[in-house]
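In: Make a model of this:
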Amino acid sequence: MNFKLPDHNDRRKTSNDAKRALLEKMKAARADAKPASKSEAETKKS
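Out: Numbers count the residues shown, from 1 in each chain. Alright, predicted model coming up:
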């Protein structure tokens, strides 16, 4: 069995996919958190 160099393009694609998934998760969490914080602020004002 010979040593095979890693495929950097494949590793970069996998890394970018993971970063993109994490970014989407963070955007979704932030979008979910914004309406809740607004309603809390309105409740405190009332």
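
In: Next, count neighbours for K34.
Out: 10 (other CB atoms under 10 Å). C-beta coordinates here come from the backbone N, C-alpha and C atoms, glycine included.

In: Next, work out how far apart it and D10 are.
Out: 37 Å (CB to CB, to the nearest Å).

In: so where's the protein shaky on pLDDT?
Out: Within the chain, the segments meeting pLDDT under 70 span 35-46.

In: Would you map the helices across it?
Out: 8-45 (DSSP state H).

In: If you count neighbours, what's buried in stretch 7-26?
Out: By neighbour count on 16 or more other CB atoms under 10 Å, the buried set for stretch 7-26 is empty.

In: residues contacting L23?
Out: Listed by CB atoms under 8 Å, 6 or more residues apart in numbering, L23 has no contact partners.

In: Could you measure from it over to R30?
Out: Applying CB to CB to L23 and R30 gives a distance of 10 Å.

In: again, but for P6
Out: Taken as CB to CB, the span from P6 to R30 is 34 Å.

In: Repeat that for R20.
Out: Per CB to CB, R20 is found 16 Å from R30.

In: what does K13 give?
Out: Where R30 is concerned, K13 sits at a distance of 26 Å (CB to CB).

In: Equivalent analysis for A21, please.
Out: 15 Å.

In: And for N2?
Out: Distance, N2 to R30, by CB to CB: 48 Å.

In: who has more neighbours, the two?
Out: R30 (9 against 3).
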